[in-house]
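Asks: Please work out how this folds:
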Amino acid sequence: MKKLFFSAISTTAVLLAFTAVSASADDHSYVGTKDCKKCHIKQWKSWSETKMANALDTLRPGVKSDRKTELSLDPDKDYTTDENCVRCHVTGLGAEGGFVSEADTPELVGVGCEMCHGAGGTFTQDGYMTLKNKEYKKADLVAVGLVDTVSEAQCVVCHNEDVPIDNYTFDFETKKAEGTHESYELKYAH
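Replies: The predicted structure follows:
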């Protein structure tokens, strides 16, 4: 009973943190990695090969079977519809324009650009970061929702004690130093 109580408290805390991080994007809707790819192809290619880009795949039956067995999870179960799992393996679940299903929102499968850089619904509109406006100013994008500096608070929404791994720890500074994708100099000054 005590473990169940603490698990319920932990789950509630994670959901509140997830909502707070999602809410930090105000009313911006998610647009998906296809919009980011238009201008940031090198970053997108680098990201597309990461664990984060392919996070939903790990929830499929038969994938990572040994690891699931180690974690006392059923390796043959399809976890791709389990909201407790999916929320950390897709982009924007439950938020405006966020992941709904693989069929309806395939561009939001995996942990995409917007989970770190903010929902792009505002800063990818005309007049901001678009192919038509290559001279945009980063400060203008940040003012309308672009997250320029990823914070630990964003990561621990999913990388926390509710991860089904015994003695799981998340070292933000190490992960930040390792990076999620390669960074490339932009063609235009911003």
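Asks: What's the local residue count around the residue nearest to residue 72 when sequence neighbours are not counted?
Replies: Spatially, and ignoring its direct neighbours in sequence, residue 72 is nearest to residue 164 (7.7 Å; C-beta to C-beta, 6 or more residues apart in numbering). All C-beta atoms are positioned from the backbone trio N, CA, C, and that covers glycine. For residue 164, the count of nearby residues is 12 (other C-beta atoms under 10 Å).
Asks: same check, this time on the one 10 residues further on
Replies: For residue 174, the count of nearby residues is 8 (other C-beta under 10 Å).
Asks: Quick check on the closest residue to residue 87 other than its chain neighbours: phi, psi?
Replies: Of all residues not flanking residue 87 in the chain, residue 93 sits nearest, at 4.7 Å (C-beta to C-beta, 6+ apart). Main-chain torsions, residue 93, degrees, to the nearest 10: phi -50, psi 130.
Asks: so who does residue 93 touch?
Replies: If you count contacts by C-beta atoms under 8 Å, 6 or more residues apart in numbering, residue 93 has them with 83, 86-87, 99.
Asks: Put together a markdown table for the residues you listed, with distance to residue 171 on each row.
Replies: Listed next are the contacts of residue 93 as a markdown table, based on distance: C-beta to C-beta, whole Å:
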| residue | distance to residue 171 |
| --- | --- |
| 83 | 27 |
| 86 | 25 |
| 87 | 22 |
| 99 | 27 |
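Asks: Neighbour-wise, which one of the residues you listed leads?
Replies: Most surrounded of the contacts of residue 93: other C-beta under 10 Å gives residue 99, at 25 neighbours.
Asks: list the contacts for it?
Replies: Applying C-beta under 8 Å, 6+ apart, the residues near residue 99 are 30, 86, 90-93, 105, 108-109.
Asks: Apply 6 Å and report the result again.
Replies: 90-93, 105, 108 (C-beta atoms under 6 Å, 6 or more residues apart in numbering).
Asks: any chance of those residues in a markdown table, plus pLDDT, secondary structure and distance to residue 173?
Replies: Putting the contacts of residue 99 into a markdown table (pLDDT from 0 to 100; DSSP: H, G, I helix; E, B strand; the rest coil; distance: C-beta to C-beta, whole Å) gives the following:
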| residue | pLDDT | secondary structure | distance to residue 173 |
| --- | --- | --- | --- |
| 90 | 97 | strand | 26 |
| 91 | 96 | coil | 24 |
| 92 | 94 | coil | 26 |
| 93 | 94 | coil | 27 |
| 105 | 95 | coil | 32 |
| 108 | 96 | helix | 28 |
